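K.L.:
Whatever this is, show me its structure:
(one chain, ligands or ions: 2)
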Amino acid sequence: MARHSDRFRAVALTANRDAERLAEQCRQHRPRYAVMVDPDAARRLADLLADMSQPPEILTGVEGLEQVAALPEVDHVMAAIVGAAGLRPTLAAAKAGKRVLLANKESLVVAGALLMKAVEESGAELLPIDSEHNAIFQCLPPDFSKGLAEVGVRRILLTASGGPLRDWPIEQLSSVTPEQACAHPTWAMGRKISVDSATMMNKGLEVIEACWLFGTDTDHIQVVVHPQSVIHSMVQYEDGSVLAQLGNPDMRTPIAHAMAWPERFDSGVAPLDLFAVARLDFQEPDMMRFPCLALAFQAARQGGTAPAVLNAANEIAVAAFLDRRIDLPGIAAVVEGTLDAMPEEGVEGQGVDFLLDVDRRARDCAEHLVQTRRS
Ligand SMILES: NC(=O)C1=CN([C@@H]2O[C@H](COP(=O)(O)OP(=O)(O)OC[C@H]3O[C@@H](n4cnc5c(N)ncnc54)[C@H](OP(=O)(O)O)[C@@H]3O)[C@@H](O)[C@H]2O)C=CC1
Ligand SMILES: CC(=O)[C@@H](O)[C@H](O)COP(=O)(O)O
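P.N.:
Numbering: from 1, shown residues only. Ligands and ions are numbered 1, 2, ... in the order given. A predicted model of the protein is given here:
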């Protein structure tokens, strides 16, 4: 079976500040463009690549990301920047009608209506590579966009590992260190999403992501804790059938699925050995232990700017936790305080500048709450 290298060539690679890593990737994949968002890091990248015979053209800033996301010679854009910083380039790719492989769930949480409208108007293909949403996509019929009820779906069963703190004594959560929170039991991921998994905010963001991707609401999504992370999510149908997608927890599978769709190619992931897995467990999420999950459900039901506020406050709170400025329970407290403090606003007819202004105001508010908790 074909591998992706038979069919794909990297036109552009991007990073924020890590010039060394991007330089290494440029040497390996020889893209035509490299975007280094930070201008100082862009100068460093140019120095690092000075001896290349045909170095990539180096662009900077969010504008550089938007530019490469919309290049005519690009047909696939993988949106895998962390946080709301991914919104503008993801939107640019959607507006340009690309196949968008979406890992950056935060852009749908902040601007779901805007992004889905851009996809509809341009004819872009929005394919989820977040493992759960990719699994759901695989378990739905191809015509699901006419409505989940129309195609016989009762509800989505969104699986969650429960993260590294699933069994910690609740009264000891304030002593959790960033290293302990980032020690995910089944997935190797970046620090921000790892903390989100530890608080289950990741699942809350994913509930909102699923509402937009699959045109549904929170009443039709059940979060199911499944510690083995072998089932990546399920779809329950009206006739009693439940379809699940299983596999080893390895992001190469959803990425390969979305790159090759509607065909398949070899992702390089080892076949799932069910005898080695031996058992699959399921539990209800504990909302007392994971208040961030409850806050995300609340923001999703509230709608308007609430999900954008939730996301911005969470990004600030997680960064403060990773810097040891607040404790782990402080993350939920900062998010709740920000949601309470920010006025409710509608998003109908609003553009990206409005949403990013909401994001900025929520960050200021959350940062103030972080300072208050410390003093
Ligand atoms: N890791 C995983 O397995 C999964 C991740 N996701 C989602 O994918 C996204 C990325 O997660 P993950 O790969 O773990 O994160 P990482 O922290 O490992 O990587 C984040 C990437 O985003 C870049 N970046 C960070 N800030 C900015 C910015 N302001 N502007 C431009 N680029 C920026 C970083 O560049 P630099 O290193 O130079 O700072 C880095 O390349 C998140 O939205 C996450 O929720 C979803 C499913 C699974
Ligand atoms: C790899 C991936 O897609 C993540 O979303 C992962 O599934 C997070 O695991 P949790 O279920 O612990 O949040």
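K.L.:
alpha carbons only for contacts and neighbour counts from here, please
P.N.:
Will do.
K.L.:
residues contacting the spatially most central residue of the chain?
P.N.:
Nearest residue to the geometric centre of the chain (Cα atoms, centre = their mean): residue 105, 3.0 Å. Residue 105 makes contact with 83, 130, 205, 206, 209 under the criterion Cα atoms under 8 Å, 6 or more residues apart in numbering.
K.L.:
Now do it against residue 27, distance only.
P.N.:
29 Å (Cα to Cα, to the nearest Å).
K.L.:
how far away is the closest residue to residue 22 other than its chain neighbours from ligand 1?
P.N.:
In space, residue 22 comes closest to residue 15 once its chain neighbours are excluded; the distance is 6.5 Å by Cα to Cα, 6 or more residues apart in numbering. Using Cα to the nearest ligand atom, to the nearest Å, residue 15 is found at 4 Å from ligand 1.
K.L.:
do the same with residue 321
P.N.:
Using Cα to the nearest ligand atom, residue 321 is found at 15 Å from ligand 1.
K.L.:
about what we covered before: kindly identify which of the contacts of residue 105 also come near ligand 2.
P.N.:
For ligand 2, the contacts drawn from those by Cα under 6 Å from any ligand atom are residue 130.
K.L.:
Could you export the contacts of residue 105 to JSON lines, including columns for secondary structure and distance to ligand 1?
P.N.:
Below are the contacts of residue 105 laid out as JSON lines (DSSP: H, G, I helix; E, B strand; the rest coil; distance: Cα to the nearest ligand atom, whole Å):
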{"residue": "83", "secondary structure": "coil", "distance to ligand 1": "5"}
{"residue": "130", "secondary structure": "coil", "distance to ligand 1": "4"}
{"residue": "205", "secondary structure": "helix", "distance to ligand 1": "9"}
{"residue": "206", "secondary structure": "helix", "distance to ligand 1": "9"}
{"residue": "209", "secondary structure": "helix", "distance to ligand 1": "11"}
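K.L.:
any idea which of the contacts of residue 105 is closest to ligand 2?
P.N.:
Taking Cα to the nearest ligand atom as the measure, ligand 2 lies nearest residue 130 of the contacts of residue 105, at 4.3 Å.
K.L.:
The closest one against residue 108, yeah?
P.N.:
No - contact criterion Cα atoms under 8 Å: residue 130 and residue 108 do not qualify, at 11.9 Å.
K.L.:
Compare those two (neighbour count), which wins?
P.N.:
More neighbours surround residue 108 than the other of residue 130 and residue 108, with 28 against 20 (other Cα atoms under 10 Å).
K.L.:
doesn't the more buried one fall inside a strand?
P.N.:
No - using DSSP: H, G, I helix; E, B strand; the rest coil, the secondary structure at residue 108 is helix, not a strand.
K.L.:
Check it and give its pLDDT.
P.N.:
On the pLDDT scale, residue 108 is placed at 98.
K.L.:
Please verify my assumption that it contacts residue 118.
P.N.:
No - with contact defined as Cα under 8 Å, residue 108 does not count as touching residue 118 (11.8 Å).
K.L.:
contacting residues around the nearest residue to residue 75 once chain neighbours are set aside?
P.N.:
Sequence neighbours aside, residue 98 is the residue nearest to residue 75 in space, at 5.3 Å (criterion: Cα to Cα, 6+ apart). By Cα under 8 Å, 6+ apart, the residues touching residue 98 are 70, 74, 75, 76, 77, 124, 125.
K.L.:
so residue 95 makes contact with residue 119?
P.N.:
Yes - if you go by Cα under 8 Å, residue 95 and residue 119 touch, sitting 6.5 Å apart.
K.L.:
And ligand 1, is the host helix or strand of residue 198 touching that?
P.N.:
For residue 198, the host element (DSSP states H and E) is helix 191-199. Yes - judged by Cα under 6 Å from any ligand atom, helix 191-199 comes into contact with ligand 1 at 191, 193.
K.L.:
Please report the distance of residue 244 from residue 269.
P.N.:
Using Cα to Cα, residue 244 is found at 18 Å from residue 269.
K.L.:
neighbour-wise, which of the two wins?
P.N.:
Counted by other Cα under 10 Å, residue 244 and residue 269 do not tie: residue 244 has more neighbours, with 18 against 14.
K.L.:
measure that one to residue 148 for me?
P.N.:
Noted for residue 244: a distance of 16 Å to residue 148, by Cα to Cα.
K.L.:
Could you pull out the buried residues of the longest helix along the chain?
P.N.:
For the chain, the helix reaching the highest residue count under DSSP state H is reported as helix 352-374. Within helix 352-374, the residues scored as buried using 16 or more other Cα atoms under 10 Å are 355-356, 358-367, 369-370.
K.L.:
what's in contact with that helix?
P.N.:
Helix 352-374 has contacts (Cα under 8 Å, 6+ apart) with 88, 110-111, 114, 305, 308-309, 312-313, 316-317, 320, 325-326, 330, 334-335, 337-338, 341-342, 347.
K.L.:
Mind checking which of those are in strands?
P.N.:
Judged by DSSP state E, the contacts of helix 352-374 include no members of strands.
K.L.:
Can I have the buried ones of these as a ChimeraX selection?
P.N.:
Buried residues within those, by 16+ other Cα under 10 Å, are selected in ChimeraX with:
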select :88,110,111,114,305,308,309,312,313,316,317,320,325,326,330,334,335,337,338,342,347
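K.L.:
which one is the closest residue to ligand 2 within the chain nearest to, not counting chain neighbours?
P.N.:
When scored by Cα to the nearest ligand atom, the chain has residue 160 as its residue closest to ligand 2, at 3.3 Å. Spatial nearest neighbour of residue 160, excluding adjacent residues (Cα to Cα, 6+ apart): residue 225 at 4.6 Å.
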